[in-house]
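1. Got a predicted structure plus its sequence, pasted below:
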Amino acid sequence: MKKYIVILLVLFISLSANCQEKPKKVTLLWDTSFSMADKELSNEMGFLNSYFKTNTNLTINLIKFSNDIILNQSFEVSNGNWVLLKKELINTVYDGASSFETLKEITVGDEILFFTDGNGFIDDFPKVFLKPVKIISSLQDSNKINLKKVAELSKGLYFDLSEKEFKKTKQNLVISMSGIVQDITGPLGGVNVVAKLSKKRVITNDKGEYSIKLPKEDMLLFSYPGKNTLRVLAKKNVIKDVLLTDGTQILDDIVIVSELKERVNTGNTLENKNKIGYSIQSIGEKDISPLDTDVKQAVKGQFSGLKIQNNTAQTRVDLSQFIGRGNNMTINGNQYGLIVLDGVPQAQSNSGGTNDVAQTGYVSPTDFINPDNIKNITYLKGLAATNKYGTRGANGVLLITTKTGTPSGRGKVKKDIELGTTPTYNEDANFLSSSLTGKPYVKALQTSKTIEEAYSNYLVQRKKYGKTSEFFMNVAIYFKNWNNPYMLKRILSNILELKEGGELETLLALVYRYEEYKMFDEANLIYQRAVKIYPENSQLYRNLALNNIERKEYKKAQQIYNIIDENGYDKVDSFSGLKKTINYEYKNLVALHKNKLKPNLIPELYTNNIKFKTRIVFEWNAFDAEFDLQIVNPQKRYFTWSHTKKAEPNRILKEKQQGFGLEEFFITSKDKGEWLFNISYLGKITGDITLPVYLKVTVFRNFGELNQTKEIKNIPLEELNNKLNILTISI
């Protein structure tokens with residue numbers, strides 16, 4: 001077969017040469033990206049051997065490239081002798097992802113020979129060359145359509161040296177998969193294993209074993225009542241063991257329901273103690289005097305730190321005008337807190353922009369609430385108590401439960417439940433470093449004495465472990481210590497050459513790492529490509545705007561924000577899940593860089609600055625990842641925010657529809673002391689569990705001030721139910 005290909009090449013190249021003047025200077029572009037390591041090198045050498053038999057005397061400008069130019073060197077071919085050039089090509093190390101951006105600036109000779117698979121992912125493939133280009137590819141999964149177009153546009157030729165790969169038998173297109181399905185208790189029998197396209201179905205036996213034949217590229221679905229359905233792409237003959245996760249595996253419903261002493265009254269419902277991390281104040285109907293003619297009088301003087309406006313110039317003083325956390329804490333200029341009646345947040349009064357109460361804004365009346373009908377009132381304050389209600393609750397929350405109404409879907413509150421305090425943190429979280437040191441390839445790398453030795457060791461380890469993005473992520477952490485940005489970029493870019501490199505989860509994991517290492521230009525290219533492939537995901541646009549700010553492309557960021565503000569991205573279902581976050585960030589852009597923006601294009605809403613002592617933003621690359629985030633306050637009391645389908649079904653649905661995975665928290669200057677953030681990973685609802693899940697944590701200090709700072713870190717979420725301390729902050 002190889003002989004047949006070479007004969008065809010000789011004839012084709014000879015005919016081509018007779019139709020045009022023979023070149024004297026040739027530019028040879030040699031793609032050295034990771035995916036090119038599996039090419040048919042002998043076929044490509046055969047092509048060049050035939051080429052130099054026809055073109056015997058040439059100056060060859062060899063350019064090797066992957067994510068950057070690796071080599072730019074000239075070789076002389078005399079009387080068809082290209083031994084030195086051949087030696088250089090054969091000794092090529094294939095590493096990094098293809099980036100074609102640098103090729104647009106090269107100076108070319110009379111002709112271009114371009115050896116590539118056309119699968120560059122860092123940026124778009126160049127569409128036009130100024131000189132005719134002969135594109136040569138020996139990989140079956142090359143981007144053949146684009147390669148042919150580029151060759152035609154340059155009036156060149158496309159040579160496909162992989163034709164023999166198409167002569168596969170039908171049998172080779174059928175693969176076998178087998179393995180064991182289990183959950184955290186062990187092997188799981190009776191699991192449905194269904195091939196999505198071919199509809200073939202088997203059921204695991206009592207030992208959890210399964211075996212199935214199906215077409216290559218089909219999708220296997222593993223489903224079992226009460227478990228999260230898992231999808232696995234069938235790529236090759238493989239033994240695939242599967243772990244099915246249960247969304248309720250951490251919580252014991254019987255204990256939660258029966259042991260009332262473990263639950264506390266939040267005003268509207270009984271809550272599990274480990275779900276609340278704040279000291280609450282509450283009054284019941286016995287604490288409300290028959291002389292209290294309105295709800296304002298019933299509340300007045302009952303709670304420490306709560307103040308109700310009382311100015312004789314005010315024509316109407318209402319409970320909704322209470323100030324809970326001090327008048328230094330303002331959200332959109334409003335100092336008033338939030339009232340939640342029978343689980344329903346009420347319209348907020350607005351303190352406006354003046355100190356004169358008589359001139360304040362809208363007042364939301366509460367005089368319709370009958371004090372005689374009040375069952376209990378609970379006052380929530382502080383970070384942990386108010387994050388449930390977002391920024392609306394940042395100034396404090398009053399929960400009012402009436403006798404005639406209870407929150408929808410919640411149980412009744414027993415009057416004789418004694419209020420308690422939240423649980424005390426027992427310092428049971430593990431440290432992050434343990435997840436990396438146990439990797440065998442990291443141990444092998446740590447024996448290296450020089451960076452050259454480390455790189456050689458990396459190439460050895462890559463042969464065994466380099467099939468997953470996790471490998472390159474962890475190796476990058478190791479190479480970060482060598483303080484060599486060039487090497488770091490190259491290693492990370494390999495992720496784009498993997499089969500999973502086009503998955504949104506993988507792209508986000510990679511771009512978050514780029515941002516942590518302040519490689520914002522590389523991150524920008526990934527965001528742009530991700531937006532093209534996944535235009536329905538709202539968070540990509542928000543992140544791209546922030547990336548442009550880091551690159552000092554302030555007008556580009558402003559343009560993105562304005563399109564979001566006008567709902568101009570047609571593919572996005574809605575930005576409602578991220579709107580408050582985006583509002584903060586647009587206001588931040590205007591406050592810090594207004595002189596670099598187009599002032600006539602700044603909506604009035606974003607001209608009022610917003611400031612926070614500490615702002616913490618959590619983002620996760622798998623939008624349906626489930627986890628418990630534990631927040632420990634300086635008094636060692638903790639609150640747990642659960643991002644699970646069971647605890648937050650509506651939120652999980654919204655995140656899936658709109659395409660985002662983000663939550664933010666705020667700590668004020670009054671919340672002094674040490675705050676801990678711990679996380680317990682519970683698995684993913686859908687998707688391939690082999691894809692890594694990462695949590696990006698961004699900490700802003702003095703948000704909205706000229707001395708604002710930002711720090712980014714990424715945390716791999718690997719072991720289920722392993723509580724990790726991911727962040728410690730001192731105020």
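-> Received, thanks.
2. State the distance from the most centrally placed residue in the chain to I610.
-> Centroid check for the chain by C-alpha atoms, centre = their mean gives N621 as the closest residue, at 2.5 Å. Going from N621 to I610 by C-beta to C-beta, to the nearest Å gives 27 Å. Using the backbone N, CA and C atoms, a C-beta is placed for each residue, glycine as well.
3. What of L695?
-> Per C-beta to C-beta, L695 is found 25 Å from I610.
4. okay, those two: which has more neighbours?
-> L695 (24 against 20; other C-beta atoms under 10 Å).
5. residue ranges with poor pLDDT in the stretch 251-400 of the chain?
-> Within the stretch 251-400 of the chain, the ranges that satisfy pLDDT under 70 run 251-280, 291, 310-316, 325-333, 352-361, 382-391.
6. Could you pull out the strands in it for me?
-> Assigned by DSSP state E, counting those that start in this stretch, the strands in the stretch 251-400 of the chain fall at 263-265, 270-272, 281-284, 307-308, 322-323, 338-341, 344-345, 374-380, 397-402.
7. what's near enough to touch the residue nearest to D292 when sequence neighbours are not counted?
-> Nearest residue to D292 in three dimensions, chain neighbours excluded: A298, at 4.3 Å (C-beta to C-beta, 6 or more residues apart in numbering). Residues counted as contacts of A298 (C-beta atoms under 8 Å, 6 or more residues apart in numbering) are 288-289, 292, 371, 374, 377.
8. what about stretch 692-712, average pLDDT?
-> If you average the pLDDT over stretch 692-712, you get 94.
9. Which of the helices and strands in the protein ranks last by mean pLDDT?
-> Every helix and strand of the chain was ranked by mean pLDDT, DSSP states H and E. The lowest is helix 253-258, at a mean of 24.
10. looking at it, I60 is touching S78, isn't it?
-> No: look at I60 against S78 with C-beta atoms under 8 Å: they stay out of range, at 11.1 Å.
11. neighbour count winner among the two?
-> Shown here are I60 and S78; by other C-beta under 10 Å, I60 has more neighbours (21 against 9).
12. And the helix or strand encompassing that one, what's buried?
-> When elements are assigned from DSSP states H and E, I60 belongs to strand 58-65. Using 16 or more other C-beta atoms under 10 Å as the test for burial, strand 58-65 gives 58, 60-65.
13. what does stretch 118-127 give?
-> Quick answer for stretch 118-127 (16+ other C-beta under 10 Å): 118-123, 125-126.
14. Relative to S469, which of these is nearest.
-> F121 (12.7 Å; C-beta to C-beta).
15. closest one to K155 among the strands of the stretch 251-400 of the chain?
-> Taking these one by one with C-beta to C-beta, strand 344-345 is closest: 66.2 Å.
16. List the pairing partners of that closest one within its sheet, with orientation.
-> Next to strand 344-345 in the sheet, as set by DSSP bridges, lie strand 338-341 (antiparallel).
17. CA-only coordinates of the partner strand in CSV, if you can.
-> What follows is strand 338-341, C-alpha atoms only, in CSV (Å, rounded to 0.1, in the frame of the first residue of the first chain):
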residue,chain,number,x,y,z
LEU,A,338,-35.7,42.9,53.1
ILE,A,339,-39.0,41.5,54.5
VAL,A,340,-40.0,37.9,53.7
LEU,A,341,-43.7,37.2,54.5
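18. and that strand, how far from the chain's centre?
-> In this view, strand 338-341 has its centroid 33 Å away from the chain centroid, taken as C-alpha atoms, centre = their mean, to the nearest Å.
19. Kindly report the same for stretch 485-499.
-> On the basis of C-alpha atoms, centre = their mean, stretch 485-499 sits 18 Å off its chain's mean C-alpha point.
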